[in-house]
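Asks: Here's my sequence, what's the structure:
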Amino acid sequence: MGGSRLLGLALIVLCLVVAVVPRVEGAGNGVEYNAAFVVVPGELLGSVETYLIPVNVSDPSLLSEANVYVLVQGVPRLVYLFSRVPPLVAVLEPSAYNAEYDVWYGGGNPYSSMLATPGTPNSFWLAFDDFDYPTGFWLNSSVSISGSRAYIQPGGYLQLSNSYSSRTAHIWEVYGRRALVISFTQAYNQFVTLYFTAGNFTDMSLIQDGSDIFFLDPSGSCLYYSVLYLDKTAGVLYVAVNPGNNTAVYMLYGGVNSCPGYGVS
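Replies: Take a look at the predicted model:
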């Protein structure tokens, strides 16, 4: 593969499920957004690293090689879908540092030029393991693992597998359970009022009390918003949001509000 590389990886990855996003027009399609917080050991800071990020996919049909993209503070990274089962996304970081990596999938991909599809000039090959214990990522024979190294005896082999073992675990925290993709015919940089009823919004029962509602732009940044009126029994919700010159925003709800300081009364 062009540009192939094999990089060791020793870091802490916490994957937070941030959004399960049904589109406004319904039809069962959706977008999901995971935020992976990467803590880089001091000796790896500033180096070229390849991260393998597990994502929590609510519906496997949302995930495809073509629709996965990753943003760091709005800047895309080279990425490809390493494995569908389990869902693992490989990301190339040219200068490792502690950061939030926002993994999007399930909809269109505005950064298709950043896909590191195997066999293309962007491709990179990833093998992930710190070899602290047998993880199930490798099929092996006559191999001993210790001290972050795999020792292969004469006649032995080490072959990459796509499977997790039962000893592999990740820490999950739920933020926004669901979100709505809201599209505008033009970019606005002023508050826009949105009206939802049972006719155009079927998740009214999943909203808690309105304090769980907040808004993100496509890069995952908080937007200023206001919850004007909520009557779950009647199925009515009025909100206002400043899209910040974006033609699409995400309204998250049903979990912890990660943008409480952006609520405007």
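Asks: Low-confidence stretches in the stretch 51-200 of the chain?
Replies: For the stretch 51-200 of the chain, the stretches flagged by pLDDT under 70 are 125-137, 147-148, 159-178.
Asks: change it to 90
Replies: The stretch 51-200 of the chain contains residues with pLDDT under 90 at 51-63, 73-74, 80, 82-102, 106-108, 117-189, 197-200.
Asks: ranges for the strands of it?
Replies: 69-72, 75-76, 78-83, 88-93, 99-105, 138-146, 149-160, 172-174, 178-188, 192-197 (DSSP state E, counting those that start in this stretch).
Asks: Generate a markdown table for those, with distance to C222 as supplementary columns.
Replies: (Each C-beta comes from the backbone N, C-alpha and C, glycine too.) Below are those laid out as a markdown table (distance: least, CB to CB, whole Å):
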| stretch | distance to C222 |
| --- | --- |
| strand 69-72 | 14 |
| strand 75-76 | 17 |
| strand 78-83 | 23 |
| strand 88-93 | 23 |
| strand 99-105 | 13 |
| strand 138-146 | 41 |
| strand 149-160 | 39 |
| strand 172-174 | 18 |
| strand 178-188 | 13 |
| strand 192-197 | 16 |
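Asks: Out of those strands, which gets nearest to P118?
Replies: The minimum distance between P118 and the strands of the stretch 51-200 of the chain falls on strand 78-83, with 7.1 Å, by CB to CB.
Asks: How far off centre is the closest one?
Replies: Centroid displacement of strand 78-83 relative to its chain, using CA atoms, centre = their mean, to the nearest Å, is 12 Å.
Asks: Repeat that for stretch 63-73.
Replies: Distance, stretch centre to chain centre, for stretch 63-73: 8 Å (CA atoms, centre = their mean).
Asks: same check, this time on stretch 217-230
Replies: On CA atoms, centre = their mean, the centre of stretch 217-230 falls 19 Å from that of its chain.
Asks: repeat for stretch 249-265
Replies: The answer for stretch 249-265 is 18 Å, by CA atoms, centre = their mean.
Asks: and if you look at stretch 216-233?
Replies: What separates the centre of stretch 216-233 from the centre of its chain is 20 Å, taken as CA atoms, centre = their mean.
Asks: and if you look at stretch 109-129?
Replies: With CA atoms, centre = their mean, you get 16 Å for stretch 109-129.
Asks: That'll do, ta.
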